[in-house]
Structures are given as structure tokens and as C-alpha cells.
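Novice: coords please:
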Amino acid sequence: MEPPSYPLISAINSSLADVAEDEVKVTVCTSLSRSRDPFAEVNVLFTDDETITDLNARYRGVHTATDVLTFDYATPLGRVGEIAVSVPMARRQAAVREASLREECLFLVIHGALHLSGFDDETDEEQAQMVQEMNVVARQVGIPGDERWFSMHYAGATR
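Specialist: Model (predicted):
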């Protein structure tokens, strides 16, 4: 089954993550297929800890690095989503999970896109639902699932 297409999906890879733009687009489209509200544009930025810390501080008031941030806003042309992924954080999480950097980056893109689709992960129940949905999408786009996936940002460095 082909995921729905969206007018503009772009990936900016400023941190040399080993992820092809086409697979980012497919991953975003597949993840957003769970959303009731369409997007006019979604941009994905692969960046470093310094930049994601700056974004986290500026927009959330949290002065620390995180693995992924999402921003969702309306424009005159439609709804726009922004996903920022810290490649160094993804690298650390991949090492703990014994996954490839590519797989972890795509997991984080899925996580961010699911946030744009309305999923949240503030409670244990929401986190379990989010991970379940992440695994559905991961398998659809051809990466191995991980029912025990977690964010080091919330869980610390150990499982």
C-alpha cells in the first residue's frame, strides 16, 4: 500500500546522518497517514546537540539536548510541521539499542511525525501507545521494530 503524498516534504541533513532523503519522505508520509489533518509542508532537520539544545531552550525553555523536537503551526497556505533530530543523541541511543544510526534516525523521524499526527508521550500509557505506533510505521517502511524503544532524554542512558 502506497502512503499518501504530501506537497512538500524536505530533509536537511546538516550532520551527515546516514539517511537518504527519499526514505525520510516515505517515513514522514507513512507516519502522517495516521493524522486526520493534512500538512502543506513538513521539514526534517538532522542536526547536532548544540543546535537542538538552542531550539529546546528557545521554544520550550528547556536548556538541554534532546533527541527530537517537533513544531506544528498554521500558515495561510496550510499546516506546517517541523521535525529536528539530534544525530549525536541518535548515535548514543543507537549504541544502547544495538541498532544502526540510520535506523535510530528513522525511528526519531517516526516519533516526531507521530507527534505531528496528534500522538503524545507524557504518561506511561501514552508512551506505550507511541512506541506501538512507531513500530507499526517502522515495519511498514522496512526497518526492524523495537517494542522496548525508549528516549534517553526521558529514560536516562539505561533501559
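Novice: excluding sequence neighbours, find me the nearest residue to the residue nearest in space to the middle of the chain.
Specialist: Here the mean C-alpha position of the chain is nearest to the C-alpha of Val109 (Cα atoms, centre = their mean), at a distance of 2.5 Å. Leaving aside its chain neighbours, Val109 sits nearest to Thr27 (5.0 Å; criterion: Cβ to Cβ, 6 or more residues apart in numbering). Backbone N, C-alpha and C define where each C-beta goes, glycine included.
Novice: do I have it right that that neighbour meets Val141?
Specialist: Yes. In this structure, Thr27 sits in contact with Val141. The criterion is Cβ atoms under 8 Å, and the distance is 5.0 Å.
Novice: of these two, which one has the most company?
Specialist: The neighbour count for Thr27 versus Val141, taken as other Cβ atoms under 10 Å, is higher for Thr27 (29 against 18).
Novice: tell me the helix or strand right after the helix or strand containing that one.
Specialist: Thr27 is part of helix 21-32 when elements are defined by DSSP states H and E. Helices and strands here follow DSSP H and E; after helix 21-32, the next one along the chain is strand 41-47.
Novice: mind giving me the packing neighbours of that next one?
Specialist: Taking 3 or more Cβ pairs under 8 Å, 6 or more residues apart in numbering; DSSP states H and E as the contact definition, the neighbouring helices and strands of strand 41-47 are strand 8-13, helix 21-32, strand 78-86, helix 101-116.
Novice: 10 Å instead, please
Specialist: Under the contact criterion of 3 or more Cβ pairs under 10 Å, 6 or more residues apart in numbering; DSSP states H and E, the helices and strands touching strand 41-47 comprise strand 8-13, helix 21-32, helix 49-60, strand 68-75, strand 78-86, helix 87-97, helix 101-116.
Novice: the fourth one vs helix 49-60, what angle?
Specialist: If I follow you right, that is strand 68-75. Between strand 68-75 and helix 49-60, the angle formed by their directions is 50 degrees, by axes from the mean of the first three to the mean of the last three Cα atoms, to 10 degrees.
Novice: for strand 68-75, buried residues please.
Specialist: Of the residues in strand 68-75, those with enough neighbours to count as buried (16 or more other Cβ atoms under 10 Å) are Val68, Leu69, Thr70, Phe71, Asp72.
Novice: the second one contacts Val109, correct?
Specialist: No. Counting by Cβ atoms under 10 Å, Leu69 stays clear of Val109, with 12.0 Å between them.
Novice: give me the common contacts of those two.
Specialist: Contact with both Leu69 and Val109 is made by residues Ile83, Val85, according to Cβ atoms under 10 Å, 6 or more residues apart in numbering.
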